[in-house]
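> got a predicted structure here, sequence first:
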Amino acid sequence: MRPFIDQPDAAEHALAGLIEQAQASGLADPDADARMEAISLLAMTATMGTSILVGQRSPDSAVAVLRHHLNRTFTPAETPARGAGSP
């Protein structure tokens, strides 16, 4: 099977679905366009891979850029408030 040739949109559909699930769960910006976020994340990761291979940036730098983008889209799950007497 040649996924990028036979089903070029499969990764985009899968990632958009995961973002939509995160939005429904309150873990991602509900106003974000899930499809656009998926497209940009996939394009960004491909470009970052190339920039690492040619020595333009380090793997740590690429991870920092991706984290920056993900932090703009996803929100941390709220932790339950501690009740009286909780440690």
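Nice, thanks for sending it over. Since the model is a prediction, treat every value here as computed from it, not as a measurement.
> and the average pLDDT for stretch 11-25 is what?
Mean per-residue pLDDT for stretch 11-25: 95.
> do the same with stretch 51-58
96.
> tell me how far the ends of that stretch are from each other?
8 Å (CA to CA, to the nearest Å).
> which other residues reach it?
Residues from elsewhere that reach stretch 51-58 (CB atoms under 8 Å, 6 or more residues apart in numbering): 48, 59, 62, 65. Just so you know, the C-beta spots here come from the backbone N, C-alpha and C atoms, and that holds for glycine as well.
> surely the last one is in a helix?
So the one you mean is residue 65. Yes - when classified by DSSP: H, G, I helix; E, B strand; the rest coil, residue 65 is found to be part of a helix.
> farthest pair within the contacts of stretch 51-58?
Taking CB to CB as the measure, the contacts of stretch 51-58 reach their widest spread between 59 and 65, a distance of 10.9 Å.
> the lengthiest helix in the chain: which residues count as buried?
Scanning the chain for the helix with the most residues, using DSSP state H, yields helix 34-53. Buried residues in helix 34-53, counted by 16 or more other CB atoms under 10 Å: 34, 37-38, 41, 48, 52.
> so can I have TSV of those showing distance to residue 13?
What follows is the buried residues of helix 34-53, written out as TSV (distance: CB to CB, whole Å):
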residue	distance to residue 13
34	10
37	13
38	8
41	13
48	21
52	26
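> go through those residues and name the one nearest residue 69.
residue 41 (6.9 Å).
> what sits against that closest one?
Residue 41 makes contact with 15, 66, 69-70, according to CB under 8 Å, 6+ apart.
> narrow these to those in helices?
Of the contacts of residue 41, the ones assigned to helices by DSSP H are 15, 66, 69-70.
> who wins for neighbours among those residues?
The most crowded member of the ones in helices among the contacts of residue 41, judged by other CB atoms under 10 Å, is residue 15 (17 neighbours).
> are any of the contacts of stretch 51-58 buried, and which?
48, 62, 65.
> how close does the residue most central in space within the chain sit to residue 8?
Centroid-nearest residue in the chain: residue 70, 4.9 Å away (criterion: CA atoms, centre = their mean). Using CB to CB, to the nearest Å, residue 70 is found at 23 Å from residue 8.
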